[in-house]
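Asks: Below: sequence and its predicted model.
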Amino acid sequence: MEDVKITANSFEKVQADQTADQEKISAPSLTFFQDAVRRLRKNKIAVISFFTLIIIAVIAFASPILAPRDPNAQNPDYANLPPRIANTNIPGFRGEIKNAAGIVTNPYETNNVPKDRTYILGTDYLGRDLFSRVLYGTRLSLIIAVIATLVDLLIGLPYGIISGWKGGKVDTFMQRIIEIISSVPNLIVVILLLLVLKPGLSSIIIAIAFSSWVTMARLIRAQTLQLKEQEYVLASLTLGESPFKIAMKHLIPNLSSTIIIQTMFSIPSAIFFEAFLSFIGIGIPAPNASLGTLLSDGQKAFRFLPYQMWYPALILCILMIAFNLFADGLRDAFDPKSE
């Protein structure tokens, strides 16, 4: 074999711009929340659930504009009318219904309802427009759930931080209080509160929030016990920062993922709990409508008029599924180990 001689011509001089290109970081610099949003966008189911919730919320809160009639206006002459859309042959929206004998009838003609008067989702036993009541009922259920969750957050967040930060006897005492509250079934606590308080929107919110903040407090306490041992927290203590400033500057920002995820899981639980209370008759008083009261009214005539229960049940199912899928997506997005 011949010897290969390496000369100066065997090397190529590196240009300054080439060195600069090699030192550049190709990936963009992202914050924790920007990275979480990037992960969330990859979860198509969570994105679809998010937009589904946005659409339902916008329609529900625009119910004073979109509702064709007063949801509480009664018209006994038009009671139990089936769904009808003008000039359409869509099955289920023709204004026809099958009676107990299996004969198809048209209650609109029987009750001499004007042809230009239609009810998209029909009417209930008092002749109230179901479409308007479903819109207002969805809005009321969302308001109760969101406010109850915020109250839950306002109680559970400081309680968990104080319990985890103080530790020792203070932590032990505060956790015993949580265990006492947890040992009593939520339904019993809520029923007792509703018996003491005047039935209404505020009493429902207080009752749900009173029994649901325990989970938030426990999660926040567990995270606080870990965070208070971190170097930056110890450094802040060494520099003389007060516990309140440490909680605001370090603890709460690092607890944000836990807070957001638990909040998203709490909202559907509150919606279902309110629907359950209204369904058994101790929730929102008449004539106001919520998804629970609509289900309660619809199940009474479900055998012959199933549409009165189908529509509120469908909205409740969509809300529950969408909230839980979106919360699962948030949990995966805020977990760096998910990829």
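Replies: Done, it's in. Keep in mind the model is a prediction, meaning the values are calculated, not measured.
Asks: Do you have the helices of the stretch 101-250 of the chain handy? List them.
Replies: Ranges of helices within the stretch 101-250 of the chain are 107-110, 130-166, 168-183, 186-196, 201-227, 231-238, 243-246, based on DSSP state H, counting those that start in this stretch.
Asks: Please identify the most buried of those.
Replies: Most buried of the helices of the stretch 101-250 of the chain, by mean neighbour count (mean count of other C-beta atoms under 10 Å): helix 130-166, with a mean of 22. (Each C-beta comes from the backbone N, C-alpha and C, glycine too.)
Asks: and that one, what other elements does it pack with?
Replies: Counting contacts by 3 or more C-beta pairs under 8 Å, 6 or more residues apart in numbering; DSSP states H and E, helix 130-166 is packed against helix 44-61, helix 63-66, helix 168-183, helix 201-227, helix 252-279, helix 291-300, helix 307-333.
Asks: Now do stretch 134-143, average pLDDT.
Replies: Averaging pLDDT along stretch 134-143 gives 89.
Asks: what's it in contact with?
Replies: Contacts with stretch 134-143, where a contact means C-beta atoms under 8 Å, 6 or more residues apart in numbering, come from 56-57, 59-61, 63, 66-67, 71, 121, 201, 271, 274-275, 284, 288-294, 311-312, 315-316, 319.
Asks: which of the residues you listed are buried?
Replies: Neighbour-count burial (16 or more other C-beta atoms under 10 Å) is assigned, among the contacts of stretch 134-143, to 56, 60, 63, 67, 71, 121, 201, 271, 274-275, 284, 288-294, 311-312, 315-316, 319.
Asks: returning to that earlier point: mind checking which of the helices of the stretch 101-250 of the chain is nearest Ile48?
Replies: helix 130-166 (18.9 Å; C-beta to C-beta).
Asks: looking at the chain, which helix or strand is least sure?
Replies: Lowest on mean pLDDT, DSSP states H and E among the helices and strands of the chain sits helix 16-23, with a mean of 54.
Asks: what's the distance between Tyr232 and Lys245?
Replies: Plainly put, Tyr232 is 13 Å away from Lys245 if you go by C-beta to C-beta, to the nearest Å.
Asks: And this protein, split by domain according to the record?
Replies: 47-81+119-338, 82-118 (automatic domain parsing).
Asks: Stretch 303-312 - what's its average pLDDT?
Replies: For stretch 303-312, the mean per-residue pLDDT is 83.
Asks: Give the buried residues for that stretch.
Replies: For stretch 303-312, the neighbour count (16+ other C-beta under 10 Å) marks Leu305, Tyr307, Gln308, Met309, Tyr311, Pro312 as buried.
Asks: try stretch 72-83
Replies: The neighbour-count check on stretch 72-83 (16+ other C-beta under 10 Å) flags Tyr78, Asn80, Leu81, Pro82, Pro83 as buried.
Asks: returning to what we had before: adding distance to Phe323, write the helices of the stretch 101-250 of the chain out as JSON lines.
Replies: Conversion of the helices of the stretch 101-250 of the chain to JSON lines gives the following (distance: least, C-beta to C-beta, whole Å):
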{"stretch": "helix 107-110", "distance to Phe323": "36"}
{"stretch": "helix 130-166", "distance to Phe323": "9"}
{"stretch": "helix 168-183", "distance to Phe323": "23"}
{"stretch": "helix 186-196", "distance to Phe323": "19"}
{"stretch": "helix 201-227", "distance to Phe323": "15"}
{"stretch": "helix 231-238", "distance to Phe323": "33"}
{"stretch": "helix 243-246", "distance to Phe323": "33"}
